[in-house]
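Enquirer: starting from these lines, generate the structure:
(one chain, ligands or ions: 2)
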Amino acid sequence: MERSDDIFVPGRKTIDEVFDKSTLEVLYELMKHGHIQSMDYPISTGKEAKVFRALSPDDTPLAVKIMRMNTSIFKEYRKYIEGDYRFKRVGKGRKLIYTWAKKEFSNLKRMYEAIINVPMPITFSNNILVMELVEHQGGPAPMLKDVKLNEEEMEEVYNSIIGDYHKMVNEIKLIHGDLSEYNILYSDGDAYIIDVSQSVPTSHPRADELFQRDVSNLARYFQKSGVETSEDIIIGTIMEGNDDHA
Ligand SMILES: Nc1ncnc2c1ncn2[C@@H]1O[C@H](COP(=O)(O)OP(=O)(O)OP(=O)(O)O)[C@@H](O)[C@H]1O
Ligand SMILES: [Mg+2]
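Expert: Ligands and ions are numbered 1, 2, ... in the order given. This is a model prediction of the structure:
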């Protein structure tokens, strides 16, 4: 029999790399504890994570992000965890991935509580993060890079993102660290920031470098999309009223 994307075979370690025994056990626990009612379909398959649409017991659409247990990316992750005062114990191997998921949950929660437009975090366990699904026209929301917007809509997205980044830096003192049109979702007129596992406090040794990278990504994308802006304008707006350095 031909195997299509048959990812739900329990215990088969090789299948699609995310559903190993321990991950299935965690999913089962999340279902048992009433966080997830059903897993629907994959929305995104990347090298670091696979994201599924799911449903909560009260039929709220969810995004379930399963971090891969992929040893080749461990080294990369360490760079973002070491130096973060909140995560003194980095851990090795599996533990490192668990810290990574916990870090994403904690960053998301801080942003959500600061009323930054991010998906509402729901829970996390080991390598699994559960959050609200951002939707657009009844399905999972597309990345900003994949939507066609008119000038006015693009300007609104720009203002919303820069406003959110201002709150991130000044109110909760976090730097996103991977912000671009790939990590912004477009939902019926609103822009949502996602993928915050690598976000670091402004006190992190790499904060300046990551901030600069985010700013260049934003300037490049929004300029290309017709918004009158520049790296200097973006930095000026984000740092307005800020006495310390990002
Ligand atoms: N809350 C959400 N609502 C809707 N879609 C989401 C949500 N979270 C993630 N996605 C979808 O899953 C994709 C990957 O998520 P994310 O950017 O968080 O993972 P990633 O770390 O970039 O993974 P990889 O690097 O392996 O691609 C997103 O581009 C988006 O399409
Ligand atoms: Mg991403």
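
Enquirer: find the nearest non-adjacent residue to E231, please.
Expert: If you skip the residues right next to it in sequence, E231 has A219 as its closest partner in space, 4.5 Å away by C-beta to C-beta, 6 or more residues apart in numbering. Yep, even glycine has a C-beta here, placed from its N, CA and C like the rest.

Enquirer: and the one you found, what pLDDT?
Expert: For A219, the model assigns a pLDDT of 98.

Enquirer: cool, and the one 5 residues further on?
Expert: Per-residue pLDDT puts K224 at 98.

Enquirer: would you list the phi and psi of it?
Expert: phi -60, psi -30 (degrees, to the nearest 10).

Enquirer: now it: how far from K50?
Expert: 30 Å (C-beta to C-beta, to the nearest Å).

Enquirer: which ones are touching I128?
Expert: Neighbouring residues of I128 by C-beta atoms under 8 Å, 6 or more residues apart in numbering: 23, 26-27, 30, 64-67, 101.

Enquirer: likewise L185?
Expert: With C-beta under 8 Å, 6+ apart, L185 has these contacts: 134, 136, 141-144, 191-192, 194.

Enquirer: am I right that it is in a strand?
Expert: Yes: assignment of L185 by DSSP: H, G, I helix; E, B strand; the rest coil places it within a strand.

Enquirer: distance of the closest residue to it other than its chain neighbours from ligand 2?
Expert: Sequence neighbours aside, A141 is the residue nearest to L185 in space, at 4.0 Å (criterion: C-beta to C-beta, 6+ apart). Counting by C-beta to the ion, to the nearest Å, the gap from A141 to ligand 2 is 13 Å.

Enquirer: you'd agree H35 is up against I122?
Expert: Yes: with contact defined as C-beta atoms under 8 Å, H35 reaches I122; the gap is 6.3 Å.

Enquirer: so F105 makes contact with L129?
Expert: Yes: between F105 and L129 a contact is recorded at 5.6 Å, counting by C-beta under 8 Å.

Enquirer: anything in contact with each of those two?
Expert: Common contact partners of F105 and L129 (C-beta under 8 Å, 6+ apart): P121.

Enquirer: ok, the two, which is more surrounded?
Expert: For F105 versus L129, neighbours defined as other C-beta atoms under 10 Å are more numerous around L129 (26 against 22).

Enquirer: if we can go back for a sec, who touches both of H35 and I122?
Expert: Taking C-beta under 8 Å, 6+ apart as the criterion, H35 and I122 both touch 56, 130.

Enquirer: give me the mean pLDDT for stretch 73-88.
Expert: Averaged across stretch 73-88, the pLDDT comes to 86.

Enquirer: middle-most residue in the chain, spatially?
Expert: Closest residue to the average C-alpha location of the chain: D195 at 1.4 Å, with C-alpha atoms, centre = their mean.
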